[in-house]
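A.B. asks: sequence unknown, structure follows:
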Ligand code: SF4
């Protein structure tokens, strides 16, 4: 893997890297410098076959541009290339987050191998792992629970809707919520493991009070939901939810015993969000 482009947004918080494989494919890696941790957001596939309707990697798949899985070596190289440019002098931990381009659970063996390699490298600061899934393989959520990585591991499930009907408008290729919930409820929360649910509020699609009440009903108390801003992709059928809708939605979850956080950055200025930079540049770079 080699870095072929860097984009730094106005706020200098996140840097987007475009990296090329030796056979000429391009994927993206994002470095986010947060006050209490470094985050490296890593790609696991070239394009993504899941086809989420708000995601540029998903648009790639709709145009038959899911190309291939990355190898464990390519995933680790991606991390290493960016880490070489980072300043670790603050001592804050480094989180490897497998939620860039691709569905890690459709490239499970390479991703878990990459986790094991990353854990074995002698980093100058403590490391943590995170993996995000659309929920397409609930059986592999169970398998992940059986693996040991010796460092904290966060599992993030892309929820985006409280019912299968609402969810399928956004995540067309996934598994029934009942199967995902069954796997998550039996997932071990030991050795620093945590689970959280991701939710991208889209205006008029999944952001109404009845959706929030249905989510409380679905999950029950004690869970954590993270709201991410919808970064507008070219041809996106959705618009970001207004702030007042998100606030009302969160209030209903809080009343139901569910904690929340909002993770809204200026990433749209660097075409962040799964696959957006690599998609916009893949033709121009003409690496193949
Ligand atoms: S949001 Fe994630 S799972 Fe969905 S298409 Fe994009 S990369 Fe794939």
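C.D. replies: Nice, I can see it. Just so it is clear, the model here is predicted, and its values are computed rather than measured.

A.B. asks: Looks like residue 27 contacts residue 19 (just checking).
C.D. replies: Yes. Checked against Cβ atoms under 8 Å, the pair residue 27 and residue 19 is within contact range at 5.8 Å. Bear in mind the C-beta positions are built from the backbone N, C-alpha and C, glycine included.

A.B. asks: Those two: who's more crowded?
C.D. replies: Set side by side, residue 27 and residue 19 show unequal neighbour counts under other Cβ atoms under 10 Å, the larger going to residue 27 at 29 against 23.

A.B. asks: So for residue 27 and residue 19, which residues contact both of them?
C.D. replies: Between them, residue 27 and residue 19 share the neighbouring residues residue 78, with contact defined by Cβ atoms under 8 Å, 6 or more residues apart in numbering.

A.B. asks: how near is residue 251 to residue 129?
C.D. replies: Distance check for residue 251 against residue 129: by Cβ to Cβ, to the nearest Å, it reads 32 Å.

A.B. asks: Tell me which of the two has more neighbours.
C.D. replies: Using other Cβ under 10 Å, the more surrounded residue of residue 251 and residue 129 is residue 129, with 22 against 13.

A.B. asks: name the helices or strands packed onto the helix or strand harbouring the more buried one?
C.D. replies: For residue 129, the host element (DSSP states H and E) is strand 127-133. Taking 3 or more Cβ pairs under 8 Å, 6 or more residues apart in numbering; DSSP states H and E as contact, the helices and strands that strand 127-133 lies on are strand 94-98, helix 108-120, helix 138-146, strand 153-158.

A.B. asks: Outside of it itself, which residues are in contact with it?
C.D. replies: 37, 93-99, 103-105, 111, 115, 118-119, 140-141, 144, 149, 151-158, 192, 198.

A.B. asks: circling back: can you put the helices and strands packed on strand 127-133 in a markdown table and add distance to the ligand?
C.D. replies: Written out in a markdown table, the entries for the helices and strands packed on strand 127-133 read as follows (distance: least, Cβ to the nearest ligand atom, whole Å):
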| stretch | distance to the ligand |
| --- | --- |
| strand 94-98 | 10 |
| helix 108-120 | 13 |
| helix 138-146 | 14 |
| strand 153-158 | 6 |
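
A.B. asks: looking at these, which is closest to residue 208?
C.D. replies: Residue 208 sits nearest to strand 153-158 of all the helices and strands packed on strand 127-133, at 19.3 Å, using Cβ to Cβ.
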